[in-house]
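[1] structure for the following, please:
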Amino acid sequence: MANVTPPKYVRQILFSLQSRGFAAYLVGGCVRDILLGVRPQDWDICTSALPEQVLDVFPGSRPTGIKHGTVTVVIGSRSAEVTTFRSEGDYTDHRHPSSVAFVGDLTTDLMRRDFTMNAMAVSADGLIIDPYGGAEDIRRGCIRCVGAPEKRFDEDALRMLRAFRFSSRLGFEIEPATLAAIGKKAPLAAGLAAERVSAEVEKILLTARPETLNTVISLGLIDKYLDRRAAPEKEQLHRIASLPKKALERWAALCRLLTVSGAIRSAEQFLTALRLDSRSIRCCNDACEMLESPAPGSPLEWKKLLRQYGVDSVSCAARCHDALCGGSSCRALKAVIKSGECFSMKQLAVDGDDLAALGLRGRELGEMLSFLLGYVMEYPDNNRRELLLSLASASEE
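    Numbering: from 1, shown residues only. Down below sits the predicted model:
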């Protein structure tokens, strides 16, 4: 096993349960990460102890999901989820089990999990319990369901997107039977909450292999949010990986590619359906609008975009343009911003109060500010208070 030692508080939880006569193991994703040589972010523990018994062993714990057997054990300032061995009843909504039953053995608990690489446990002394061949699948770089894949996806349709997320993150292949089952069960994904779908798509976007979305789209897993199933080419999607690992910019690049392929009509419609926040929707939609036209060829053209859309949206569009099309838009934009030349009202050497003092009011005042801003954008050296007031006064005569 890779040389990743659980932190002291995790070992303390394991030993405390064992000292009271209960079985206790590290389980799931943390075991997978250990075998991959990656330090886990979360340490999950499963145990033969019932939730009430876990609370008795650790009096300061929180019964965060006690109906499903989960207790959050707090040790000092750290915490870990401890869950009783369990089996699950039928999944009536393709997402959540209708019931859970606490069981006495670990193998039954591992049987309910999604993929073999997540269906392993490790004892406190380092013994790996791996009844479904997860360690070998990790060695082979293979994502495979525990048991019958169609049954796993019938139980929880989100597992189909999770398979691609793991594939994208780890560089693993989805084994043929599992992939075929995803193709067959893909329509079930339409019943998933939009927030769950967008979270999985975003996680794929933020990996080094966003081209995985080609297969996600081709199999119909996000048909509900597309106007038609038209996946961008893998080579195009891979260009997204050259962007910084910022969700906003990667969403904007995806929206641009989906617009070009004809899969969506607008970023706004697509991202609204996926329940992204309003700022992200606006910025991505603005960026896609800008990407419809060639990159600006002069500082004045950049300033016009900055005036219309703002720094965030224009910066997003510039980075997307360089990633998807090549070029030096980011460098050109940075030069314009660094120059300090005026492109917004707040940079103008006069404001509304100055113009009001000249007798301008309401619509006339707004129109004059707009005129002066356009003038200064074209003649940046003339952004001087007295000169602009003189221009405004002359216009009123």
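
[2] show me which residues of stretch 179-195 are buried.
    179, 181-182, 185-186, 188-189, 192 (16 or more other C-beta atoms under 10 Å). In this view, the C-beta of every residue, glycine as well, is placed from N, C-alpha and C.

[3] what are the boundaries of the strands in the stretch 1-150 of the chain?
    For the stretch 1-150 of the chain, the strands defined by DSSP state E, counting those that start in this stretch cover 24-27, 45-47, 62-65, 70-75, 78-84, 86-88, 100-102, 121-122, 128-129, 142-143.

[4] what about those strands, which gets the closest to Leu221?
    With respect to Leu221, and counting by C-beta to C-beta, the nearest of those is strand 142-143 at 15.0 Å.

[5] and that closest one, average pLDDT?
    With pLDDT averaged residue by residue, strand 142-143 scores 98.

[6] is Ser293 within a helix or a strand, and which one?
    Assigned by DSSP states H and E, Ser293 belongs to no helix or strand.

[7] whoops, I mixed them up, Cys288
    Assigned by DSSP H and E, Cys288 falls in helix 278-291.

[8] okay, buried residues for that helix please.
    Quick answer for helix 278-291 (16+ other C-beta under 10 Å): 280-291.

[9] wait, doesn't Gly133 sit right on Thr116?
    Yes - counting by C-beta atoms under 8 Å, Gly133 does reach Thr116; the two are 5.5 Å apart.

[10] tell me, what's touching those two both at once?
    Listed as contacting both Gly133 and Thr116 by C-beta atoms under 8 Å, 6 or more residues apart in numbering are Arg144.

[11] where does pLDDT dip in the stretch 1-150 of the chain?
    1-3, 89-99 (pLDDT under 70).

[12] if we go to 80?
    Along the stretch 1-150 of the chain, the parts satisfying pLDDT under 80 run over 1-4, 88-99.

[13] output the buried residues of stretch 179-195 as TSV; include the columns secondary structure and pLDDT.
    As requested, the buried residues of stretch 179-195 are arranged in TSV below (DSSP: H, G, I helix; E, B strand; the rest coil; pLDDT from 0 to 100):
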residue	secondary structure	pLDDT
Leu179	helix	99
Ala181	helix	99
Ile182	helix	99
Lys185	helix	98
Ala186	helix	98
Leu188	helix	98
Ala189	helix	98
Leu192	coil	97
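
[14] report the two of those separated the most.
    Leu179 and Leu192 (18.8 Å).

[15] residue ranges for the helices of the stretch 151-300 of the chain, please.
    Assigned helices in the stretch 151-300 of the chain, in chain order: 158-170, 176-185, 194-205, 213-218, 234-238, 247-261, 267-273, 278-291, 299-309 (criterion: DSSP state H, counting those that start in this stretch).

[16] adding distance to Phe22, write those helices out as TSV.
    Converted to TSV, the helices of the stretch 151-300 of the chain look like this (distance: least, C-beta to C-beta, whole Å):
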stretch	distance to Phe22
helix 158-170	29
helix 176-185	34
helix 194-205	33
helix 213-218	41
helix 234-238	48
helix 247-261	41
helix 267-273	46
helix 278-291	46
helix 299-309	59
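
[17] related to what we said a few turns ago, let me know the closest of the buried residues of stretch 179-195 to Asp44.
    Distances from Asp44 to the buried residues of stretch 179-195, taken by C-beta to C-beta, are shortest for Leu192, at 23.1 Å.

[18] wait, Ser393 touches Leu358, no?
    Yes - using C-beta under 8 Å, Ser393 is in contact with Leu358, at 5.9 Å.

[19] does anything pack onto the longest helix seen in the chain? Which helices or strands?
    Ranked by number of residues, the top helix in the chain under DSSP state H is helix 362-378. Using 3 or more C-beta pairs under 8 Å, 6 or more residues apart in numbering; DSSP states H and E, the elements in contact with helix 362-378 are helix 299-309, helix 352-357, helix 385-396.

[20] so which bits of the second one are buried?
    Spelled out, that is helix 352-357. Neighbour counts using 16+ other C-beta under 10 Å place 354-355 of helix 352-357 among the buried residues.

[21] to the chain's geometric centre, what's the distance from that helix?
    46 Å (C-alpha atoms, centre = their mean, to the nearest Å).

[22] next: the first one.
    Centroid separation for helix 299-309 versus its chain: 30 Å, with C-alpha atoms, centre = their mean.

[23] give me the average confidence score over that helix.
    Mean predicted lDDT for helix 299-309 stands at 98.

[24] quick check: buried residues in it?
    299, 302-307, 309.

[25] packing partners of it?
    Using 3+ C-beta pairs under 8 Å, 6+ apart as the contact test, the elements touching helix 299-309 are helix 278-291, helix 311-325, helix 329-339, helix 362-378.

[26] and those as JSON lines, adding distance to Pro59?
    Output for the helices and strands packed on helix 299-309, formatted as JSON lines (distance: least, C-beta to C-beta, whole Å):
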{"stretch": "helix 278-291", "distance to Pro59": "43"}
{"stretch": "helix 311-325", "distance to Pro59": "49"}
{"stretch": "helix 329-339", "distance to Pro59": "56"}
{"stretch": "helix 362-378", "distance to Pro59": "65"}
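
[27] for these, which one sits closest to Met160?
    Nearest to Met160, of the helices and strands packed on helix 299-309 and by C-beta to C-beta, is helix 278-291 at 24.5 Å.

[28] distance between the ends of stretch 109-118?
    12 Å (C-alpha to C-alpha, to the nearest Å).

[29] actually stretch 149-168, not the one I typed
    Rule used - C-alpha to C-alpha; the end-to-end distance of stretch 149-168 is 19 Å.

[30] and it, what's buried?
    Judged by neighbour count (16+ other C-beta under 10 Å), stretch 149-168 contains these buried residues: 149-150, 152-168.

[31] likewise stretch 388-397?
    Per 16+ other C-beta under 10 Å, stretch 388-397 contains these buried residues: 388-389, 391-392.

[32] now, the most widely separated pair of the residues you listed?
    Going by C-beta to C-beta, the pair spanning those furthest: Leu389 and Leu391, at 7.3 Å.
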